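*Asks:* Below is the sequence, then the predicted model.
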Amino acid sequence: MKRLGLGRFGERNAKPDMTSGSEVPRLGLNDGHSIPQLGLGMWQTGDGKAPEIVGAAIGAGYRLIDTATNYGNEAGVGRALEGSVVPRNHLFVTTKLWNDSHGYDQTLRAFDASARELRLNVIDLYLIHWPCPQRGLYVDTWRAFIELRKQGRVRSIGVSNFTADHLKRIIGDTGVVPALNQVELHPGFQQRALRETHERYNIATEAWSPLGQGKILIHPTLRAIADRHGRTPAQVVLRWHIESGFVAIPRSVAPAHIAENIDVFTFALTRQDHDAISALDSATGRIGPDPAGFGRRRSFPRRVTGRLWRIMASSPRR
Ligand code: NAD
């Protein structure tokens, strides 16, 4: 299959990945490392199912796995990585510090627990999951992240759900710029203002809920573009993320969707397609919580949320 050159519209510095047997290009980060531009999201994937799902994804060419302490499946991801035929140095693992572990010492302890669950000595990317501004601890937490990177336990450090103000605060107080900010981003909520701040500081943009949790895929504009290219709406949206220079981490537990979502490197969108998708942006398009207030209240401990996700993931309605 001919692999097209990367996007003509918003590409940053993505480069084809010639060594890992994957078609997914890698995006350079501001710390000299690089990240695959497409990965598998692991939210609401039960720990028991994780090895099978991660195995299917790696078989399909995925090299980036996005988990979090809060997803309750770090151990399952760890088992999958241990059994993988793809060498560890070709895989990229992200995990995230949960809201109940903010603070310098708590962060160091939480990291140890995550690394143990994942059975990894070094984690490729560690993110502060939410800033939880009302707790006022995200700068201390960021200092612990800097220490973990200094110790060589993490290659890249970043944040998630940080607003421009949160970013400026940690950069101003520590002088260390996060490699990446993982935020809600899909055609219905395009985060233009925040992306300008990312550009200014050379912070990579990673899109969570890149498919708008599946809801946006029935939009007639996306269907029409998909029909013109002989593709699915999901592939059009993921191609839009790639050509816009984002990292996208779509979630699926269905092998057919897992394969479909990575098959986006043999077609390209037109300028008109980009203009039409740009027009879908909406100030009210946010699906998830607003970071300004999220994490205000004490959250359930991870063992409870992990169990809840497992119950939800195994529910026959899903
Ligand atoms: P998503 O946009 O990836 O959508 C997932 C939904 O789309 C699922 O219902 C899935 O079955 C469906 N889907 C997947 N592929 C499809 C296809 N080809 N055709 C039709 N439907 C398809 O939503 P998400 O899970 O919310 O986000 C992806 C990942 O982002 C998560 O798994 C997680 O890793 C990460 N995330 C991070 C945060 C954060 O706060 N940092 C928050 C939410 C999600």
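*Replies:* Noted; the coordinates are in hand.

*Asks:* Quick check: residues of this protein near the ligand?
*Replies:* 41-43, 66, 129, 160-161, 182, 208-214, 217, 232, 234, 249-252, 257, 260-261, 288 (C-beta under 6 Å from any ligand atom). Just so you know, the C-beta spots here come from the backbone N, C-alpha and C atoms, and that holds for glycine as well.

*Asks:* Mind checking which of the residues you listed land in helices?
*Replies:* Ala234, His257, Glu260, Asn261 (DSSP state H).

*Asks:* now these as CSV including pLDDT?
*Replies:* Shown next, in CSV, are those (pLDDT from 0 to 100):
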residue, pLDDT
Ala234, 98
His257, 98
Glu260, 98
Asn261, 98
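
*Asks:* Pull out the buried residues from these.
*Replies:* Ala234, His257, Glu260, Asn261 (16 or more other C-beta atoms under 10 Å).

*Asks:* quick one on the thing from earlier: farthest pair in the ones in helices among the residues of the chain next to the ligand?
*Replies:* Ala234 and His257 (7.3 Å; C-beta to C-beta).

*Asks:* Other residues contacting the helix or strand hosting Asp112?
*Replies:* Assessed by DSSP states H and E, Asp112 sits inside helix 104-118. Residues external to helix 104-118 that are found in contact with it (C-beta atoms under 8 Å, 6 or more residues apart in numbering): 67, 69, 74-75, 77-78, 81, 93, 95, 97-98, 101, 121, 123, 126, 140-141, 143-145, 147-148, 153-154.

*Asks:* Low-confidence stretches in the stretch 151-300 of the chain?
*Replies:* 297-300 (pLDDT under 70).

*Asks:* need the strands for it, in chain order.
*Replies:* Using DSSP state E, counting those that start in this stretch, the strands of the stretch 151-300 of the chain run over residues 154-160, 180-184, 204-208, 247-248.

*Asks:* which strands and helices sit next to the shortest one?
*Replies:* Right, strand 247-248. strand 204-208, helix 233-243 (3 or more C-beta pairs under 8 Å, 6 or more residues apart in numbering; DSSP states H and E).

*Asks:* Report the contact partners of the spatially most distant residue from the centre of the chain.
*Replies:* The centre of the chain is farthest from one residue, Arg228, which by C-alpha atoms, centre = their mean lies 28.6 Å away. By C-beta under 8 Å, 6+ apart, the contact list for Arg228 is empty.

*Asks:* neighbours around the closest residue to Thr163 other than its chain neighbours, how many?
*Replies:* Of all residues not flanking Thr163 in the chain, Pro291 sits nearest, at 5.9 Å (C-beta to C-beta, 6 or more residues apart in numbering). Pro291 has 18 neighbouring residues, counting by other C-beta atoms under 10 Å.

*Asks:* Could you verify my assumption that Pro291 touches His129?
*Replies:* No: using C-beta atoms under 8 Å, Pro291 is not in contact with His129; the gap is 10.2 Å.

*Asks:* anything in contact with each of those two?
*Replies:* Asn161.

*Asks:* Any chance of the backbone angles for the residue positioned nearest the centre of the chain?
*Replies:* By C-alpha atoms, centre = their mean, the chain has its centre lying nearest to Ile249, at 4.7 Å. Dihedral pair for Ile249: phi -130, psi 70, per degrees, to the nearest 10.

*Asks:* measure it to Ala144 for me?
*Replies:* 24 Å (C-beta to C-beta, to the nearest Å).

*Asks:* What ranges does the protein have for its helices?
*Replies:* Under DSSP H, the chain gives helices at 50-60, 74-82, 104-118, 138-150, 164-174, 192-201, 220-229, 233-243, 255-262, 271-278, 302-314.
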